[in-house]
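Colleague: Structure for the following, please:
(chains A and B)
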Amino acid sequence: MFSDREILSVVEMLKNENLDVRTVTLGLNLLDCASDDIGRFTDNIYARITGAAENLVKICDEVGDKYGIPVVNKRISVSPMAVAGAPFNAQQMLSVANTLNEAAGAARVDFIGGFSALVEKGIARGDRALIEAMPEALTSTQRVCASVNVASTRAGINIDAVLLMGRTIKEAARLTADRDGLACAKLCVFANIPQDIPFMAGAYLGVGEADAVINVGVSGPGVVKKAIDRATASNPHLNLGQISEIIKHTAYKVTRIGELIGREVAQRLGIKFGVVDLSLAPTPNVGDSVGEIFQSLGLANIGVPGSTVALALLNDAVKKGGAFASSKVGGLSGAFIPVSEDLNISQAAAQGHLSIEKLEAMTCVCSVGLDMVAIPGDTSEETLAAIIADEMAIGVINKKTTATRLIPVPGKKAGDHAFFGGLLGESVIMPVNNATGENRFLRRGGLIPSPIHSLVN
Amino acid sequence: MKKMIISVLGKDRPGIIAAVTRILLEQDCNIENVSQTILQNEFSGIFIVGVPKTLSEGDLHRHLDAGLSPMGLHVYEKRLSKGNESQAVVDSEPFVVVTKGPDRKGLVASITAIMAAHRVNVTNLQAVFKGGDDPNANIMIYEVDIPSDANHQALRRDLREKALALSLDLSIQHKLIFEAINRV
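Modeller: Prediction:
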């Protein structure tokens, strides 16, 4: 028997606080589809994906109904295509991307991730072909997401790969100029990419994973914001230690839901349950924003002084609550601050409260990095690469995941507006400061060695 | 020993349980199970007791009534039929139904009629009135067992349609979700 308070708090979270399961992602190992014949390979991966994912959406909906908690997104992540399709050239990689897109459509999922390469130490033939195919692949498909890991704490930073990604992003933007460079919104560049991310665009299934696995991304930031609002309304003098406890308790509840639903979906599909990703992932809706949490904490806007420490508090409390709630935590498990995907953050950027420099600082204490940042279309390949390299350094040195999802919006300049639509949202174009002149440092290329693991300051 | 079920009803005050159990002890009865609740100011208690074969049902009632009626309590007892224990167990799953909306006569009757038609058993029902005069803050919480072979979709549809007709906001969720969130 439950107390009315216990029952009503759950119903309240569901009805008014955007409580949901953000994504259930089916990870599929495609390495056993290997063939050096492109037709056979694409047939194999199509059959494997559509076979394994046939009931994914149906079962997610049924389980969501049973518990009264919607599973908002159902997605698929696959083995890194640069590995699975290593023998193929760029043209053939394009048909791999099209196959992935069709398979995702047949499975009725909105995104499929894993058009990916791992090049932190060097670029193999398959990697190069895949990266070369990326601009066109991301332009001609709707559902395919791509990622490239260019750095790791163990390997260092592959500046050659960073430069290549600068060019690739620029080209992807050019090909989708009519859609504000939309292709770039489906392309992440990573340091220390985890093997089990359920969230897009960074999801892929690592080569160390099993045949199939279910990974879950839990609910968004609305629940956390409302919990803070409720607590501070009843006691305006709460200190930050107390607020941290409230966030922790809320993260616990939200994670328990993800764990319960993920396990049941996995069991019904007859697939191993993987991890719960604790990340607070916003959507471009009021009441579902990480930026709003900053305001509930007492800051005027995300981006003002105090934002980095507020994010550190938030991120740490979410991890502590979530880690206790779930038996297996993985993926990114931090707070996302994607500019265009979060209404409040994009407003803060438009009003000039938030700069790329402050965003970069904040990524030192959260999981993702410079995410969904629209920048002027005339930003050079070299400057793009330099921004990426800076972000990679933060991840490599701090032994954490960082990433960039930068969109140089063709034909637009700082202050203009870019529109991506749906979950990808919209945003003002943020200025890239002090980017004039050549960048001779980066142009030297090569591999920046992995950092020393003692002398930790 | 034979088994009896005894129910006691009346205005709440200190000493009710003490009085009931003292009488039972004096008559050499053994209490096996008790449930009690207080609704507004009214006490209600149910006792399942083992009664010595030598004590007749009439005598037990007289002893209880003599002790309890001066306290303003009504008492009723009944022989527990053996059939209760061997009642066929229906394979079912626990759900929680919550309705929220303006108060009016017949809310519970309408909702439970649908539940009964679908062989749903209500195991606990709470009415929660939040926010004083706010008619929208009338909340009913039904904890129910739904037979595994029931038509869930039809049940949900019927409940939703009725809720709509009564201007109620209705949710139906498997009980596990409340356990997962509220219990460590």
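
Colleague: and stretch B:8-24, average pLDDT?
Modeller: Averaging pLDDT along stretch B:8-24 gives 94.

Colleague: same question, stretch A:123-130
Modeller: For stretch A:123-130, mean pLDDT rounds to 97.

Colleague: What segments of chain B are helices?
Modeller: B:16-26, B:57-68, B:107-117, B:152-165, B:176-182 (DSSP state H).

Colleague: What segments of the stretch 351-457 of chain A are strands?
Modeller: A:369-376, A:402-409, A:417-419, A:426-428, A:447-448 (DSSP state E, counting those that start in this stretch).

Colleague: Next, format the ones you listed as a markdown table and append distance to chain B, mean neighbour count and mean pLDDT.
Modeller: C-beta coordinates here come from the backbone N, C-alpha and C atoms, glycine included. Shown next, in a markdown table, are the strands of the stretch 351-457 of chain A (distance: least, Cβ to the nearest Cβ, whole Å; neighbours: other Cβ atoms under 10 Å in any protein chain shown; pLDDT from 0 to 100):
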| stretch | distance to chain B | mean neighbour count | mean pLDDT |
| --- | --- | --- | --- |
| strand A:369-376 | 29 | 27 | 96 |
| strand A:402-409 | 31 | 28 | 97 |
| strand A:417-419 | 35 | 18 | 96 |
| strand A:426-428 | 32 | 23 | 95 |
| strand A:447-448 | 45 | 16 | 97 |
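
Colleague: can you list those strands in a markdown table and add distance to A:Phe199?
Modeller: Below are the strands of the stretch 351-457 of chain A laid out as a markdown table (distance: least, Cβ to Cβ, whole Å):
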| stretch | distance to A:Phe199 |
| --- | --- |
| strand A:369-376 | 10 |
| strand A:402-409 | 11 |
| strand A:417-419 | 21 |
| strand A:426-428 | 19 |
| strand A:447-448 | 27 |
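
Colleague: closest one to A:Gly126 among those?
Modeller: A:Gly126 lies closest to strand A:447-448 among the strands of the stretch 351-457 of chain A, at 19.3 Å (Cβ to Cβ).

Colleague: Who does the closest one pair with, and is each partner parallel or antiparallel?
Modeller: strand A:156-158 (antiparallel) (DSSP bridges).

Colleague: Quick one: low-confidence residue ranges for chain B.
Modeller: B:83-88, B:129-133, B:135-136 (pLDDT under 70).

Colleague: Skipping its backbone neighbours, what lies nearest the most centrally placed residue in chain B in space?
Modeller: Centroid-nearest residue in chain B: B:Asn124, 5.6 Å away (criterion: Cα atoms, centre = their mean). Nearest non-adjacent residue to B:Asn124, counting by Cβ to Cβ, 6 or more residues apart in numbering or on different chains: B:Glu143, 4.0 Å away.

Colleague: ok, now which ones touch that neighbour?
Modeller: The contact partners of B:Glu143, taken as Cβ atoms under 8 Å, 6 or more residues apart in numbering or on different chains, are A:Met1, A:Phe2, B:Pro94, B:Phe95, B:Val96, B:Val122, B:Thr123, B:Asn124, B:Leu125, B:Lys175.

Colleague: what would those residues look like in CSV with distance to A:Ile448?
Modeller: Formatted as CSV, the contacts of B:Glu143 follow (distance: Cβ to Cβ, whole Å):
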residue, distance to A:Ile448
A:Met1, 60
A:Phe2, 56
B:Pro94, 58
B:Phe95, 57
B:Val96, 56
B:Val122, 67
B:Thr123, 64
B:Asn124, 64
B:Leu125, 67
B:Lys175, 54
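
Colleague: Name the secondary structure element that contains the nearest residue to A:Gly262 once chain neighbours are set aside.
Modeller: In space, A:Gly262 comes closest to A:Val216 once its chain neighbours are excluded; the distance is 3.5 Å by Cβ to Cβ, 6+ apart. For A:Val216, the element it lies in under DSSP states H and E is strand A:212-217.

Colleague: Am I right that A:Tyr46 sits in a helix?
Modeller: Yes: counting by DSSP: H, G, I helix; E, B strand; the rest coil, A:Tyr46 is part of a helix.

Colleague: List the contacts of it.
Modeller: By Cβ under 8 Å, 6+ apart, the neighbours of A:Tyr46 are A:Thr99, A:Glu102, A:Ala103, A:Ala106.

Colleague: mind checking the SS state of A:Ile7?
Modeller: What three-state DSSP gives for A:Ile7 is helix.

Colleague: Distance of it relative to B:Gln126?
Modeller: 8 Å (Cβ to Cβ, to the nearest Å).

Colleague: Neighbour count: those two, which is higher?
Modeller: Taking neighbours as other Cβ atoms under 10 Å in any protein chain shown, A:Ile7 and B:Gln126 compare with A:Ile7 leading, 23 against 15.

Colleague: residues in contact with the more buried one?
Modeller: Here A:Ile7 is in contact with B:Val96, B:Val98, B:Ile141, B:Phe178 (Cβ under 8 Å, 6+ apart).

Colleague: repeat for B:Lys100
Modeller: So B:Lys100 contacts A:Val11, B:Asn136, B:Ala137, B:Asn138, B:Ile139, B:Met140, B:Leu168, B:Asp169, B:Leu170 (Cβ under 8 Å, 6+ apart).

Colleague: Next, give me the two most distant ones among these.
Modeller: Greatest spatial distance among these (Cβ to Cβ): B:Ala137 and B:Leu170, at 15.3 Å.

Colleague: Looking at the two, which one has more neighbours?
Modeller: B:Leu170 (20 against 15).

Colleague: ok, now which ones touch that one?
Modeller: Per Cβ under 8 Å, 6+ apart, neighbours of B:Leu170: B:Val97, B:Val98, B:Thr99, B:Lys100, B:Leu159, B:Arg160, B:Ala163.

Colleague: Name whatever forms a beta bridge with the second one.
Modeller: If I follow you right, that is B:Val98. Going by DSSP bridges, B:Val98 forms beta bridges with B:Ile141, B:Ser171.

Colleague: SS state for the residue nearest to A:Pro80 when sequence neighbours are not counted?
Modeller: Nearest residue to A:Pro80, sequence neighbours excluded (Cβ to Cβ, 6+ apart): A:Ser116, at 4.2 Å. Taking three-state DSSP as the rule, one finds A:Ser116 in the strand state.

Colleague: wait, doesn't A:Ser116 sit right on A:Tyr204?
Modeller: Yes: the pair A:Ser116 / A:Tyr204 is scored as a contact, 4.3 Å apart, by Cβ atoms under 8 Å.

Colleague: residue contacts, B:Gly58?
Modeller: Counting by Cβ under 8 Å, 6+ apart, there are no residues that B:Gly58 touches.

Colleague: which of the helices of chain B is buried the deepest?
Modeller: Ranked by mean neighbour count, the helices of chain B are led by helix B:176-182 with a mean of 19 (mean count of other Cβ atoms under 10 Å in any protein chain shown).

Colleague: Check whether it comes near chain A.
Modeller: Yes: counting by Cβ under 8 Å from any Cβ of the partner chain, contacts between helix B:176-182 and chain A involve B:Leu176, B:Ile177, B:Phe178, B:Ala180, B:Ile181, B:Asn182.

Colleague: Okay, buried residues for stretch A:46-64 please.
Modeller: A:Tyr46, A:Arg48, A:Ile49, A:Ala52, A:Ala53, A:Leu56, A:Val57, A:Ile59, A:Cys60, A:Val63, A:Gly64 (16 or more other Cβ atoms under 10 Å in any protein chain shown).

Colleague: next one: stretch A:14-33
Modeller: A:14, A:17-30, A:33.

Colleague: pLDDT wise, what is A:Gln142 at?
Modeller: 96.

Colleague: phi, psi of the residue lying closest to it once chain neighbours are set aside?
Modeller: Spatially, and ignoring its direct neighbours in sequence, A:Gln142 is nearest to A:Asn101 (6.5 Å; Cβ to Cβ, 6+ apart). In terms of degrees, to the nearest 10, the main-chain angles of A:Asn101 are phi -60, psi -40.

Colleague: I figured A:Asn101 was touching A:Ala146, is that so?
Modeller: No: A:Asn101 is not in contact with A:Ala146 according to Cβ under 8 Å; the separation is 11.8 Å.

Colleague: residue ranges for the helices of the stretch 51-200 of chain A, please.
Modeller: Taking DSSP state H, counting those that start in this stretch as the test, the helices found in the stretch 51-200 of chain A are A:56-67, A:81-84, A:90-106, A:125-140, A:159-175.
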